[in-house]
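K.L.:
Let's see this in three dimensions:
(one chain, ligands or ions: 1)
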Amino acid sequence: MSSRLLKPPKTVEKNMAQTFDLIIHNGTLMTPGGRVQTDIGVRNGKIAAIEDLSNHDAAEKIDAKGLHVMPGAIDTQVHFREPGGEHKEDLESGTRAAVMGGITGVFEMPNTNPLTTTRQAMADKITRAHGRAWCNHAFYMGGTAENAADMADLERSPGCCGVKVFMGSSTGNLLVEDDESLRAVLSHGVRRVAVHAEDEPRLIERKKLAEESGDVHSHPVWRDDETAIRATKRLINIVRETGRKAHLLHVTTADEMKLVSDHKDLISVEATPQHLTMSAPECYDRLGSFAQMNPPIRDEQHRLGLWWGLQQGVVDIIGSDHAPHSTEEKQQPYPNSPSGMPGVQTLLPVMLNHVSHGRLTLEHLVDLVATSPARLFGIIGKGRIAMGYDADFTLIDLEQQREITDDWIESKCGWTPFNGESTTGWPVGTIIAGRSVMRDGELLGVADGRPMKFFESENAD
Ligand code: DOR
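P.N.:
Residues are numbered from 1 along each chain as shown. Sure, this is the predicted structure:
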């Protein structure tokens, strides 16, 4: 495979003769040109050589024989709820869970306390992440009717990955329920607007169905497919009217996949491992309100519709919607039980297991969690194994068989909906800016993740 690579020209070779900070030897690299079995040299946190480096020195050498090396996986939807609490996730525990699951970067959602809706709130998050975040990070600016007019400025805050809008209420207090307010957010600024599309008027109208039943099986009845489809249709209309690029988060219905496939010029699409893997009623029979999330896990027909969307290329990104709540909170009687499940640590194991079953290729997974996030959100220096790019890598053992268990979970909630799942394919190394932070399940080094940089934001050095 390595024979496809040209020898470096003389001038380049002279530069390569220097030593490297890190050499990853003998891995199968997932490059833009396909799988290549060769070495990677890292200097100053960047990829400085992709070539046979068997005769070169480095401060650290990793033998990746038998492993696949992919550009670092980025989870573009997590809720870490900084400043957290004894049982509540924070930036330290959330990013620790991320790197243990092979994730090198996260985008955090703004429904935090305080809400991330101002430049100050964004700057405070970046300060709090400094020296505590294990992986790279960025934050969504929450869009509201109140801050919409300032969005062209707010979205340029350093560390901002884009704008987030909740069309339907979920956890926290961030809501853009009417078309006028949605239009206002979409009319100001240029960054991609990530949207939680559930129709709030219909949610209010149907809430009694959940209250009267008191049974979590009614979650996808209260928040039915029409609730999601209606909001997505409203979003499509306003996106077409304003020409603004949007990112439709956690799509849950087959119908939305079909609808949105006609609007891929402006709308990118996320699916979650939970919606691709579990279906109703089985997940509610087995997990009760631990399977409760918004928008809900639906029946098998919808799950298969999501796979159709993924295999047809309608899905651009896999994000986890990591939204942990403690066991005590989840055990409250439905519908008082909060919606959300942890997912940042299990994203890759669950998706690699789908790879092992032939439902998607490893190349496709790399596109969904690394290349597309970088391309669609305009992240600088990420998403590819290429000269000059950041040296963020996830090492994968495609053969490793493991069981996902609650006691492996680093999140403060200490549980996962995938407890007991046997999987094939596992992330065995997390490397960020050339530093190993996880190897074979062991946390290494220090928490030194950095804010990500974007083409369309202000960037501090
Ligand atoms: O289930 C969910 N939980 N969906 C959301 O959109 C929010 C999240 C949370 O913050 O807990």
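K.L.:
can you list the residues that contact stretch 29-44?
P.N.:
The contact list for stretch 29-44, computed with CB atoms under 8 Å, 6 or more residues apart in numbering, reads 1-2, 4-5, 16, 18, 20-28, 47-54, 56, 58, 68-71, 362-363, 366, 371, 384-386, 391, 393, 434. Every residue, glycine included, has its C-beta placed from N, CA and C.
K.L.:
Run through the residues you listed and flag the ones next to the ligand.
P.N.:
The subset of the contacts of stretch 29-44 lying close to the ligand, counting by CB under 6 Å from any ligand atom, is empty.
K.L.:
And those, which of them are buried?
P.N.:
Among those, those buried by neighbour count (16 or more other CB atoms under 10 Å) are 16, 20-28, 47-51, 53, 56, 58, 68-71, 362, 366, 371, 384-385, 391, 393, 434.
K.L.:
Could you pull up the contacting residues of the residue nearest to the spatial centre of the chain?
P.N.:
Within the chain, one residue has its C-alpha closest to the average C-alpha position: by CA atoms, centre = their mean, that is residue 75, at 1.9 Å. Neighbouring residues of residue 75 by CB under 8 Å, 6+ apart: 98, 103, 105, 106, 107, 319, 320, 322, 343, 344, 347, 369.
K.L.:
Tell me which two of these sit farthest apart.
P.N.:
Across the contacts of residue 75, no pair lies farther apart than 105 and 343, at 15.2 Å, counting by CB to CB.
K.L.:
sorry, back to before: in terms of helix, strand or coil, where does the residue nearest to the centre of the chain fall?
P.N.:
Three-state call for residue 75 (DSSP: H, G, I helix; E, B strand; the rest coil): strand.
K.L.:
that older thread, more crowded one of residue 105 and residue 343?
P.N.:
Higher neighbour count among residue 105 and residue 343: residue 105, with 32 against 28, using other CB atoms under 10 Å.
K.L.:
which secondary element of the chain has the worst mean pLDDT?
P.N.:
Ranked by mean pLDDT, DSSP states H and E, the weakest helix or strand in the chain is helix 10-16, scoring a mean of 66.
K.L.:
Mind telling me what element residue 363 is part of?
P.N.:
Per DSSP states H and E, residue 363 falls inside helix 362-366.
K.L.:
I meant to write residue 50 there.
P.N.:
Assigned by DSSP H and E, residue 50 falls within strand 46-51.
K.L.:
Residues contacting that strand, please?
P.N.:
By CB under 8 Å, 6+ apart, the residues outside strand 46-51 that reach it are 5, 8, 15-16, 20, 29, 31, 36, 38-42, 56, 381, 385-391, 434.
K.L.:
Tell me the helix or strand right after that strand.
P.N.:
With elements assigned by DSSP H and E, the helix or strand that comes after strand 46-51 is strand 58-63.
K.L.:
Which neighbouring elements make contact with whichever helix or strand comes after that next one?
P.N.:
For strand 58-63, the succeeding helix or strand toward the C-terminus, using DSSP H and E, is strand 68-71. The contact analysis (3 or more CB pairs under 8 Å, 6 or more residues apart in numbering; DSSP states H and E) places strand 68-71 against strand 20-31, helix 362-366, strand 393-403.
K.L.:
For residue 245, find the nearest of these.
P.N.:
Counting by CB to CB, residue 245 lies closest to helix 362-366 out of the helices and strands packed on strand 68-71; the figure is 22.4 Å.
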